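**Q** One predicted model, sequence on top.
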Amino acid sequence: MRIAVIGGGNGSLAGAADFALAGHEVVLWRRGEKEVAQHRALGNKLKVRDYSGTREVTLSDVTSDIAAALKGADLIFCPVPATAHEDLAQVIAPHLRAGQVVFLPPGTLGSLIFAKAAKAAGTARGVAFAETGTLPWLVRKHGFAEILITTRATRLPTGVFPLKAHDHAIAVISQAFPGAIETCGDVLSAALMNAGPVIHPPLIIMNAAPLEHFPQWDIHNEGTQPSVRRVTDQLDAERVKVREAMGYGAPHFPLADHYRKDGDEWMYGRNSHKQLTDSGDWREHIVLTEHRYMMEDVRLGLSLLTSVAQLAGVEVPVARAMMSVGAAICADDFEKEGRPLSKVGFPSLDRAAITQFLQNGYDA
C-alpha cells in the first residue's frame, strides 16, 4: 500500500518508520525545502529504536511537493497537532482523489475540518476521513531522523466520516495498523474517545507553578500525584457521560485503565504508563501558554467537549473549570476561540441533522 505521511514531528516520523518496516511504500511530506534536502542527504533513511533494538529504514521519497506526495496514496496519515488542521486542510484538499482515506490520530473532530476543505475544493466525493483516540505511539525524536518508540498502541478506537464509507476506510487503515483498529462508529464518537483533552489539562494546569519554576519537569512522573489523578478521573467521567448522552455505547476506554495493572487494556496496553515514566523522555521544558497540551488539548479539546456536552444537555463542571483556568493563564477566550461544534462544519446544531450528516457526509 502507498502511504503519504504528513509532517516531520514525533508521530509523523514514527508512522513513516513503522509503515516502511511493514513493507509499505512510504512518502514523507514536509513543508521546508531545507528539511527535505537534509533527509535526502541522509538517503531518506530513518533510524528507529525500540524494545527490539535499533533498525534503519529507507523511505520511498521525502518531498515538499504535496501533489507528488498524495498522488496514488491509498492512505494519507496526518498525525499533526490539531492547531495545524485548518491550515493543512487547505493545502491537502485540492489534491484528494476518490478512494483515498485521510486518517488523523487523534483528531479533535479535525476530520470534519479536512472534509469541509475538500468540499470547498470539489474533492470530497469518494474520500473518507477518519480519526482515533490517541497517537499510535509513545514516541520522541532523538535527532533529526532518529526516533525512540517507547510503546505502540494496541487498541485504536476509530470513527469514519461519512459513516457510510466505514468499511472501506477501516479496511485501508487496518493495513497500516493490523490488529489494532477498533471501530467506534462516526467521527464524533471517535472525537469523544480522544484521551488528550482528559489526561493533559489537569497535568498542565495543576502543575503550572513547577512548570514555570523548574527548567524541566516531568508532568507524567512527579506531576501525576493522587490529587491530579482524582481530577483526571472526574474529567473522564464527564467525557463518558457525554458519550452516553449522545447515544454512544461502550467500550468508552476509560483513562483509569491506562494506569491499572489489571482489567481491560487501554489504548497502549499493559504497563504503558510505567514505560513512559521510565523512559525519561517526557522530562521537558514546557511553556504554559505555547505547549500543545494547553493550545491543543485545553483550548481545542475541552472547548469541543463542553460544546458537545451543551448539545447533549450534560453538565461538565470539571471540563469547564479546566478550560476557564487555562483561558485565564493564556489571557484568551477558549470557549469562543477554541473548537466548539459551530466551527467544524456541521450544517446545523440540530441533533437529528448532525446524525444524518455524520452518516452521509456532503452527499445527503
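**A** Alright, I've got the coordinates. Numbering: from 1, shown residues only.

**Q** Would you enumerate the residues in contact with the closest residue to Leu305 other than its chain neighbours?
**A** The shortest distance from Leu305 to any non-neighbouring residue, by CB to CB, 6 or more residues apart in numbering, is to Ala319 (5.3 Å). C-beta coordinates here come from the backbone N, C-alpha and C atoms, glycine included. Applying CB atoms under 8 Å, 6 or more residues apart in numbering, we find Ala319 in contact with Pro197, Leu235, Glu238, Arg239, Leu302, Leu305, Thr306, Ala309.

**Q** Dump those into JSON lines; add neighbour count as well.
**A** Putting the contacts of Ala319 into JSON lines (neighbours: other CB atoms under 10 Å) gives the following:
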{"residue": "Pro197", "neighbour count": "30"}
{"residue": "Leu235", "neighbour count": "23"}
{"residue": "Glu238", "neighbour count": "20"}
{"residue": "Arg239", "neighbour count": "27"}
{"residue": "Leu302", "neighbour count": "30"}
{"residue": "Leu305", "neighbour count": "29"}
{"residue": "Thr306", "neighbour count": "26"}
{"residue": "Ala309", "neighbour count": "21"}
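
**Q** mind listing which of those are in helices?
**A** The helices, defined by DSSP state H, take in Pro197, Leu235, Glu238, Arg239, Leu305, Thr306, Ala309 from the contacts of Ala319.

**Q** Next one: the fourth one from Val198, what distance?
**A** Plainly put, Arg239 is 6 Å away from Val198 if you go by CB to CB, to the nearest Å.

**Q** where along the chain do the strands fall?
**A** Listed in chain order, the strands of the chain (DSSP state E) span 2-6, 25-29, 45-50, 53-58, 61-63, 75-77, 101-104, 128-132, 137-141, 146-152, 156-161, 181-186.

**Q** doesn't Ala118 make contact with Gln90?
**A** No. Using CB atoms under 8 Å as the test, Gln90 is too far from Ala118 to be in contact (10.1 Å).

**Q** These two: which is more packed in?
**A** Ala118 (24 against 14; other CB atoms under 10 Å).

**Q** residues contacting that one?
**A** Counted by CB under 8 Å, 6+ apart, Ala118 has contacts Ala89, Ala93, Leu96, Ala124, Val127, Phe129.

**Q** ok, the fifth one - how many residues close by?
**A** Spelled out, it's Val127. 24.

**Q** So for it, what's the nearest residue that isn't a sequence neighbour?
**A** Distances taken as CB to CB, 6+ apart place Leu96 nearest to Val127, at 4.9 Å, with adjacent residues excluded.

**Q** Centre-most residue in the protein?
**A** By CA atoms, centre = their mean, the chain has its centre lying nearest to Pro106, at 1.7 Å.

**Q** Would you mind giving both backbone torsions of it?
**A** phi -80, psi -180 (degrees, to the nearest 10).

**Q** Distance-wise, check it relative to Met267.
**A** Counting by CB to CB, the gap from Pro106 to Met267 is 10 Å.

**Q** Common neighbours of those two, please.
**A** Shared contacts of Pro106 and Met267, counting by CB under 8 Å, 6+ apart, come down to Gly133, Thr134, Ala195.

**Q** If you rank these by neighbours, which is first?
**A** Gly133 (27 neighbours).

**Q** how close does that residue sit to Asp65?
**A** For Gly133, the distance to Asp65 - CB to CB - is 32 Å.

**Q** same question, Ala153
**A** Applying CB to CB to Ala153 and Asp65 gives a distance of 30 Å.

**Q** next one: Asp262
**A** Taking CB to CB as the measure, Asp262 falls 50 Å from Asp65.
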